[in-house]
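# Next come a sequence and a model predicted from it.
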Amino acid sequence: MPKLEEIPVAVERDPSRRRHYTPLEVAEHNQESDMWVTYLGRVYDLTALCEEYKGSDLIKPIVQAAGTDITHWFDKSTLDIRRRIDEETGCSMYHTPMGRFVHVPPRFPSSSWKTNFGTPWWKNHKYCIGILSSRVRHIRLVNTLTSQEHCIKVCEEETINEILLRYLVINQHANSYTWKFEGRNLDMEQTLQENGIPNQNAEFFRLGMDEEHWRPAILLYFNDDLSEM
């Protein structure tokens, strides 16, 4: 089994997809028809799995976890479902206190148990769409052409180009701007931290300051209006 960092995400198959997601973004996908979960730091879209097993009791424990983190289902050392010794059979089996679910074998031999499903869903990388952010912060984007200002929530691991993808939802012409901070052009391939825009929320909290009043402002200059690049 590959190491966690070796598990590919959807953006590596489709560059238009985002790489990082916030817990709140995952929580919005909490229906059987639109079902995401997170585990071991990755985001998985299990909508297709739910559709495939729709109506089966084995999909219910997964649907009940929609939009949440299920890392506690897993053994972090093996990246597999946690195991236990069955008291009656003395055999090692998957530990599923929430109820047996799709691709987990039954407790006892059964002629109805089919093993031709291939890779269990929790090991199937096709469902992995991104990485769960461990650090979320707010930034202000100020459009110097229109004087509009937007505060957006971003993942600290994201590059400026990845943040730009978020801003495209607000301004479809976002690619036509040069991004600056304190007079400096930002390196679009680097993160906020790498561009010298540290996250000081913890320090503001320690000092009793409201971080909403001290959010860093990134200025966006429309390229056709620039006299100096």
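That came through, no problem. Since this is a predicted model, take the numbers as computed values, not measurements.
# For this structure, which helix or strand comes out least confident on mean pLDDT?
Here the helix or strand of the chain ranked lowest by mean pLDDT, DSSP states H and E is helix 201-206, holding a mean of 61.
# burial count for His125?
16 (other CB atoms under 10 Å). From N, CA and C alone the C-beta is placed, and that goes for glycine too.
# Name the residue most distant from the centre of the chain?
Glu88 (39.7 Å; CA atoms, centre = their mean).
# hey, where'd the helices end up in the protein?
Ranges of helices in the chain, per DSSP state H, are 23-27, 47-52, 60-64, 160-167, 201-206.
# Worst mean pLDDT among those helices?
Averaging pLDDT over each of these singles out helix 201-206 as the lowest, with a mean of 61.
# Kindly state the domain boundaries assigned to this protein.
Following automatic domain parsing, the chain resolves into domains at 4-132, 136-225.
# For Lys180, grab the count of nearby residues.
The number of residues near Lys180, taken as other CB under 10 Å, comes to 17.
# measure it to Leu168 for me?
When distance is defined by CB to CB, to the nearest Å, Lys180 is 18 Å away from Leu168.
# By neighbour count, which bits of stretch 69-84 are buried? Give me those.
If you call a residue buried by 16 or more other CB atoms under 10 Å, then stretch 69-84 has these buried ones: Asp69, Ile70, Trp73, Leu79, Ile81.
# ok, residues contacting that stretch?
1, 4, 23, 26, 37-41, 92-96, 98, 104, 122-123, 132 (CB atoms under 8 Å, 6 or more residues apart in numbering).
# bridging residues for Thr38?
Val43, Asp69 (DSSP bridges).
# That one and Tyr44 touch, don't they?
Yes - applying CB atoms under 8 Å, one finds Thr38 in contact with Tyr44, separated by 7.0 Å.
# Spell out which residues sit in contact with Glu182, please.
Taking CB under 8 Å, 6+ apart, one finds nothing in contact with Glu182.
# Return stretch 179-186 as PDB; C-alpha atoms alone will do.
Presented in PDB, the C-alpha positions along stretch 179-186 are these (Å, rounded to 0.1, in the frame of the first residue of the first chain):
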ATOM      1  CA  TRP A 179      -1.700  40.500  -7.500                       C
ATOM      2  CA  LYS A 180       0.400  42.700  -5.100                       C
ATOM      3  CA  PHE A 181       1.100  42.900  -1.400                       C
ATOM      4  CA  GLU A 182       2.700  45.900   0.100                       C
ATOM      5  CA  GLY A 183       3.800  47.000  -3.400                       C
ATOM      6  CA  ARG A 184       5.400  43.700  -4.300                       C
ATOM      7  CA  ASN A 185       4.200  41.500  -7.100                       C
ATOM      8  CA  LEU A 186       3.200  38.100  -5.700                       C
END
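# list the buried ones in that stretch?
Quick answer for stretch 179-186 (16+ other CB under 10 Å): Trp179, Lys180, Phe181, Leu186.
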